[in-house]
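Engineer: Model the structure of this input:
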Amino acid sequence: MEFDAVNIKHGAFSFFDKIKQLIHASKLALSSCDLCGNQCEEHPLLCQFCLRDLPKFNYQLISADLLNWPAINKIIPKQSFDHLHSLSPHTWPYTQWISSLKYKGRFELADLLGKLLYESWKKGVESANTLDQTEQPELILSVPLYITKWQYRGYNQAHLIAKKFANYSGINYQHNIISRILETESQVGKSGSQRRNNMKNAFDIKLDTIKLPKHVILIDDVVTTGTTVNEISILLKKHGVQTVSVLSVTIALPDTI
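Structural biologist: Next comes the predicted model:
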């Protein structure tokens with residue numbers, strides 16, 4: 001009886017895996033590249049040629065971590081997080097995709113960006129062999145929006161990307177642990193100290209149902225000066241987190257770099 005139950009369970013998983021494969025194949029067959037219009041073979045919305053030509057960081061040169069690049073330390077001199085991984089500088093086509101997801105409700109782009117971010121992060125970590133089994137991240141979090149901005153927009157783009165990243169990585173994702181409790185002013189045009197003061201005590205942590213693990217991934221769509229992810233990282237470490245890995249689709253780099 002136990003053997004039959006195991007077989008039934010295995011058969012059910014195999015059946016659902018086949019269904020997922022068929023759905024993925026159907027999406028590929030029906031979709032065209034968002035950039036050039038050609039047929040897609042691996043990523044819905046992105047053909048193999050445009051995938052190859054996407055701007056991206058070479059993580060083999062910096063041991064799979066942007067914090068090993070001196071230029072980043074100039075942009076973010078005070079780092080409360082431990083690792084930083086972004087797909088690319090904040091440039092086209094990522095700027096177009098992020099804007100379309102953020103303001104035009106193109107939710108299908110969250111899946112594309114989440115998958116690209118996961119594949120890049122996984123490849124970087126594996127190539128540099130920077131994590132052993134005891135250091136693997138056990139929880140994914142995303143940078144939250146203040147409630148009024150969330151109500152106005154209707155969704156949080158960082159949450160949508162993090163959710164898709166979690167689906168591909170298999171790492172537990174919790175969207176409601178971090179909350180934004182202050183409606184801060186825009187960071188545009190502010191100095192580093194003004195940005196830090198603006199974000200001070202802007203976030204809170206709710207731990208009613210979960211204990212924070214040692215290593216946490218924090219996902220945002222764009223990192224500019226690192227002020228927001230720094231503030232959240234400080235809060236996480238006050239609650240027992242030892243390692244915070246910040247992941248973003250893009251990072252804003254000065255024109256001088």
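
Engineer: what about residue 137, how many residues close to it?
Structural biologist: By the criterion of other C-beta atoms under 10 Å, residue 137 has 22 neighbours. All C-beta spots, glycine's among them, are computed from the backbone N, C-alpha and C.

Engineer: now do residue 242
Structural biologist: Residue 242: 13 neighbours (other C-beta under 10 Å).

Engineer: quick one: it and residue 123, what's the gap?
Structural biologist: 24 Å (C-beta to C-beta, to the nearest Å).

Engineer: quick one, helices of the stretch 51-200 of the chain?
Structural biologist: Remark: helices assigned in the stretch 51-200 of the chain by DSSP state H, counting those that start in this stretch are 70-75, 94-104, 108-128, 147-153, 157-169, 192-199.

Engineer: show me the residues around residue 237 that make contact.
Structural biologist: Contacts of residue 237 were listed using C-beta atoms under 8 Å, 6 or more residues apart in numbering, and they are 80, 244.

Engineer: what helix or strand does it sit in?
Structural biologist: Using DSSP states H and E, residue 237 maps to helix 227-238.

Engineer: Dump the C-alpha coordinates for that helix into PDB.
Structural biologist: Output of helix 227-238 as PDB, limited to C-alpha atoms (Å, rounded to 0.1, in the frame of the first residue of the first chain):
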ATOM      1  CA  THR A 227      20.200  53.800   0.900                       C
ATOM      2  CA  THR A 228      17.000  51.900   0.900                       C
ATOM      3  CA  VAL A 229      18.500  48.400   0.900                       C
ATOM      4  CA  ASN A 230      21.100  49.600   3.500                       C
ATOM      5  CA  GLU A 231      18.300  50.700   5.800                       C
ATOM      6  CA  ILE A 232      16.500  47.400   5.500                       C
ATOM      7  CA  SER A 233      19.700  45.400   5.900                       C
ATOM      8  CA  ILE A 234      20.400  47.200   9.200                       C
ATOM      9  CA  LEU A 235      17.000  46.300  10.400                       C
ATOM     10  CA  LEU A 236      17.400  42.700   9.400                       C
ATOM     11  CA  LYS A 237      20.700  42.300  11.200                       C
ATOM     12  CA  LYS A 238      19.100  43.800  14.400                       C
END
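
Engineer: Can you pull out the low-pLDDT segments for the stretch 151-257 of the chain?
Structural biologist: Low-confidence segments of the stretch 151-257 of the chain, defined by pLDDT under 70: 151, 183-200, 209, 256-257.

Engineer: make it 80
Structural biologist: For the stretch 151-257 of the chain, residues meeting the criterion pLDDT under 80 lie at 151-153, 181-202, 207-210, 254-257.

Engineer: returning to that earlier point: what is the orientation angle of the helix or strand that the helix holding residue 237 is followed by with helix 227-238?
Structural biologist: The helix or strand immediately downstream of helix 227-238 is strand 243-251, counting by DSSP H and E. Between the axis of strand 243-251 and that of helix 227-238 there is an angle of 170 degrees, by axes from the mean of the first three to the mean of the last three C-alpha atoms, to 10 degrees.
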